[in-house]
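>>> Got a predicted structure here, sequence first:
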Amino acid sequence: MSARHHDTQTKAPVLEVTGLTKAFGAVQALSGADLVCPRGEVTALVGDNGAGKSTLIRCITGVHPFDDGEVRFNGEPVRLSSPTEARARGIETVYQDLALVEDLTVWQNMFLNRELKRGIGRFGMLDRRRMIAESQSRLERLLVNMPPVRSRVRRLSGGQRQSIAIGRAASWGSTLVIMDEPTAALGVRERESVEQLIGRLRDDHIAQLIISHDLEQVMRVADTVWIMRRGTTIAHWRVADVSRERIVAAITGADGGNHRATTAEAPTTVVE
Ligand SMILES: Nc1ncnc2c1ncn2[C@@H]1O[C@H](COP(=O)(O)OP(=O)(O)OP(=O)(O)O)[C@@H](O)[C@H]1O
């Protein structure tokens with residue numbers, strides 16, 4: 001049995017992107033990007049500024065329409081037209097601004113736009129008690145140093161906020177959580193706790209896609225790393241099979257390959 005066949009059986013791809021293209025006027029932001037995010041794995045997407053990482057996730061999650069190519073989610077071709085539609089399918093994205101409301105509590109943020117009600121239809125009352133209890137039990141399972149669910153987000157540290165945003169994204173039956181630079185603004189201890197959280201989500205079989213400039217972090221938390229350069233994913237490796245230096249060389253082009261050469265070389269170095 002080939003490695004690929006074996007992998008597909010054990011870790012089914014939640015997301016498969018093939019040949020995605022996207023132009024903004026004269027700027028070809030994506031020119032044939034591929035990506036696979038298997039269930040229960042952390043997939044890292046790395047590349048220099050302007051390589052196309054954000055555009056790729058925005059095209060996947062319905063923020064931007066893509067021009068050509070295919071996105072499959074749980075095996076089914078999809079063309080999502082909004083982040084709300086993505087969310088309804090179980091794809092959650094945590095952007096750097098976190099989208100938390102500072103003046104609301106942790107539990108209110110957890111249930112933002114998903115409030116639970118008692119009673120019927122629009123006459124229902126907010127079910128405060130249940131939302132508090134559910135926030136508590138969901139977050140307790142995921143976070144080591146959990147802030148009280150009744151505290152306001154403005155009182156939390158950067159790491160706690162990031163953890164709440166990720167914890168929220170990983171609730172609601174999400175199968176894919178996408179994170180844009182999840183620890184860029186954090187100190188060492190806080191970064192460690194977010195990385196622990198990423199490990200727990202992996203144990204919960206959630207597929208995670210992480211954009212990160214921190215290659216040490218990629219080596220610590222990711223199973224697979226995909227390299228983007230000038231709108232194309234030029235190579236990908238199992239992290240266990242690649243050195244940090246090799247990744248840097250691919251990102252910068254110092255490995256001497258133009259897109260074509262690197263792509264041609266990729267299958268021999270890639271474990272799928
Ligand atoms: N809305 C937009 N309109 C026009 N051009 C855009 C838009 N979004 C991205 N681009 C261009 O597309 C290219 C890819 O940008 P993108 O932000 O996806 O790269 P990135 O890899 O995420 O970079 P960074 O690491 O700096 O966030 C860049 O040339 C950028 O200027």
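Looks like it arrived, so ask away. Numbering: from 1, shown residues only.

>>> thought Val78 was touching Phe66?
No: contact status for Val78 versus Phe66: not in contact, 11.1 Å apart, counting by C-beta atoms under 8 Å. In short, each C-beta sits where N, CA and C put it, glycine included.

>>> Next, count neighbours for His213.
His213 has 14 neighbours, counted by other C-beta atoms under 10 Å.

>>> now Thr84
Under the neighbour criterion other C-beta under 10 Å, Thr84 is assigned a count of 10.

>>> do the same with Arg79
Neighbours of Arg79 under the rule other C-beta under 10 Å: 11.

>>> Is it correct that it is in contact with Val71?
Yes: with contacts counted by C-beta under 8 Å, Arg79 reaches Val71, the gap being 7.0 Å.

>>> Thought Gln208 was touching Met179, still the case?
Yes: when contacts are counted by C-beta under 8 Å, Met179 is listed as touching Gln208 (6.9 Å).

>>> What about the closest residue to Gly253 other than its chain neighbours? Give its phi and psi, please.
Counting by C-beta to C-beta, 6 or more residues apart in numbering, Gly253 lies nearest to Arg229, which is 6.4 Å off, once chain neighbours are set aside. In terms of degrees, to the nearest 10, the main-chain angles of Arg229 are phi -140, psi 130.

>>> Dig out what Arg229 forms beta bridges with.
Beta bridges link Arg229 to Thr232, judged by DSSP bridges.

>>> and what of Val46?
According to DSSP bridges, the residues that bridge with Val46 are Ile227.

>>> Do you know the pLDDT at it?
pLDDT, Val46: 97.

>>> Next one: it from Leu176, what distance?
Look at Val46 and Leu176: by C-beta to C-beta, to the nearest Å, they are 18 Å apart.

>>> same check, this time on Arg58
Applying C-beta to C-beta, the value for Arg58 to Leu176 is 14 Å.

>>> in the protein, what spans have low per-residue confidence?
Across the chain, the stretches falling below the confidence threshold (pLDDT under 70) are 1-10, 120-123, 256-272.

>>> Residue numbers of it in contact with the ligand?
For the chain, the residues in contact with the ligand under the definition C-beta under 6 Å from any ligand atom are Phe24, Val27, Ala29, Gly47, Asn49, Gly50, Ala51, Gly52, Lys53, Ser54, Thr55.

>>> just to revisit the earlier point, out of Val78 and Phe66, name the residue with the larger neighbour count.
For Val78 against Phe66, the residue with the higher neighbour count under other C-beta under 10 Å is Phe66, and the figures read 24 against 17.
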